[in-house]
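Q: the following comprises the amino acid sequence and a computationally predicted model.
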Amino acid sequence: MAKLRPLAGAARLFTTPLEPEDFLGLVNPLLSSRQLRGLVTRVEHEAPDSATIHFRPGRGWLNHQAGQWARIGVEIDGVRHWRSYSLSAPAGGDPAITVTAIGQVSEALVRNTAPGDVLFLGPPQGDFVLPEHPRPLLMLTAGSGLTPVMSMIRTLTRQRADADVVLIHSSRTMEDALFREELGHLAGNHPGLRVVHWVTSEQGRLDLTHAGHLDEVCEDWRTRAAFACGPSDFLDSAEALWREVDTDHPLIIERFATVRLDGAGGEGGLVTFTRSDKEVEVDGSTTILDAGEDAGVVMPSGCRMGICRTCLTPLLAGTVRDLRNGELITGEGELIQTCVTAPAGPVDLEV
Ligand SMILES: Cc1cc2nc3c(=O)[nH]c(=O)nc-3n(C[C@H](O)[C@H](O)[C@H](O)COP(=O)(O)OP(=O)(O)OC[C@H]3O[C@@H](n4cnc5c(N)ncnc54)[C@H](O)[C@@H]3O)c2cc1C
Ligand code: FES
């Protein structure tokens, strides 16, 4: 990762006309009138491919609620990339993210981040948050899906001695299980917190296509408000199960990746990024956002899964297909979400 350390960007900044905010940034990297930033204060390695990055946000940051996420921008080889990360720290304190390395940006964050680096930030957002009134909770998580729930558990165990929470966390091995020591410690000190580790290399998949496994590990799961976060198939099964069973208690889900409609891709086409003066041939299952970034176009983006609308871009001509539902969007001036659409024929965009 090309690191943006305090003052280290000075040479680059002087190659372009300086704006007032650049002078502020030179004095203190957290001061910027346009862009929220955070100074990395600590990096903890949680599991072989995961790290928690603690940061001190600058002016303009609003405290997060437990379970919310924020857009995080990092510069890699001079290009700023944005991804979304759940805030794993408890509500009310300095934020932290816990990242599992699976691709370009997460690899860079896990392997190359060091105290003193500066992260670009979007404000905390999302409604995967604790219920307003105390009630028995069931947390169902797998892999990195534990991160928003960890913020909730850390918050509850600090704020509510009477919290009643069962966490069922699935990981490949115990070594891969994020926060396992801290969870053991918290469960030992809070009678209302029960932590169940489901280790897939020994027990097989935590099967949510029927009630059997849940009945086995948490008899009263039907009487709890449930929160789930993990891979798509895990969440799809949980949703289907909750639709089937007799429970008045909600299941609230957080997804890290878009659910695409099977076979929604199709035509593809030549995409012209008019302001950037670039043309790219894109297949029908690659998003316009991914194609533009690969071609070096600076594209606005946030969640990259159709939630935040940061990527809205005016269509000048042509038709795009929404990969979530297969719908076609046509017409000059239509705003399209480039993170979930692919071209259906030639497309001109104002970016
Ligand atoms: C609301 C929200 C919260 C998120 N919170 C976290 C978090 O706390 N920790 C974390 O590590 N990541 C989190 N993510 C995922 C993160 O934003 C990135 O998608 C992820 O780090 C991969 O980015 P990349 O550039 O490394 O790889 P890319 O090359 O951009 O992505 C590779 C592919 O992996 C998919 N993907 C993303 N997340 C997962 C996953 N967990 N398991 C399997 N496939 C995945 C992407 O959709 C993409 O198709 C969150 C995403 C969202 C939308
Ligand atoms: S990046 Fe969030 S909706 Fe497209």
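A: Here it is on my side, so go on. Residues are numbered from 1 along each chain as shown. Ligands and ions are numbered 1, 2, ... in the order given.
Q: I288 versus the residue in the stretch 1-150 of the chain that ligand 1 sits nearest to, what's the distance?
A: Using C-beta to the nearest ligand atom, the point where the stretch 1-150 of the chain gets nearest to ligand 1 is G103, with a distance of 2.0 Å. Where you see a C-beta, it was placed from the backbone N, CA and C, and this is true even at glycine. If you measure G103 against I288 using C-beta to C-beta, to the nearest Å, the figure is 18 Å.
Q: what is the neighbour count of the residue of the stretch 1-150 of the chain closest to ligand 1?
A: Each residue near G103 was counted by other C-beta atoms under 10 Å, and the total is 9.
Q: from P300, how far off is it?
A: Counting by C-beta to C-beta, the separation of G103 from P300 is 20 Å.
Q: show me what contacts P231?
A: Taking C-beta atoms under 8 Å, 6 or more residues apart in numbering as the definition of contact, the neighbours of P231 are 142-143, 145, 257.
Q: so which residues on this structure come close to ligand 1?
A: Taking C-beta under 6 Å from any ligand atom as the test, the list of the chain residues beside ligand 1 reads 69, 83-86, 97-100, 102-107, 144, 147, 231, 256-257, 303, 305.
Q: how close does the closest residue to L214 other than its chain neighbours get to I97?
A: Spatial nearest neighbour of L214, excluding adjacent residues (C-beta to C-beta, 6 or more residues apart in numbering): W221 at 4.7 Å. Relative to I97, W221 is positioned 29 Å away (criterion: C-beta to C-beta).
Q: run through the helices of the protein in chain order.
A: Counting by DSSP state H, one finds helices in the chain at the ranges 10-13, 20-27, 104-112, 146-159, 180-189, 200-203, 212-217, 232-244, 288-294.
Q: can you put the ones you listed in a markdown table and add mean pLDDT and distance to ligand 2?
A: What follows is the helices of the chain, written out as a markdown table (pLDDT from 0 to 100; distance: least, C-beta to the nearest ligand atom, whole Å):
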| stretch | mean pLDDT | distance to ligand 2 |
| --- | --- | --- |
| helix 10-13 | 30 | 26 |
| helix 20-27 | 50 | 24 |
| helix 104-112 | 96 | 14 |
| helix 146-159 | 97 | 17 |
| helix 180-189 | 97 | 31 |
| helix 200-203 | 97 | 31 |
| helix 212-217 | 96 | 32 |
| helix 232-244 | 95 | 17 |
| helix 288-294 | 94 | 7 |
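Q: break the chain into its domains for me.
A: 10-121, 137-254, 269-349 (automatic domain parsing).
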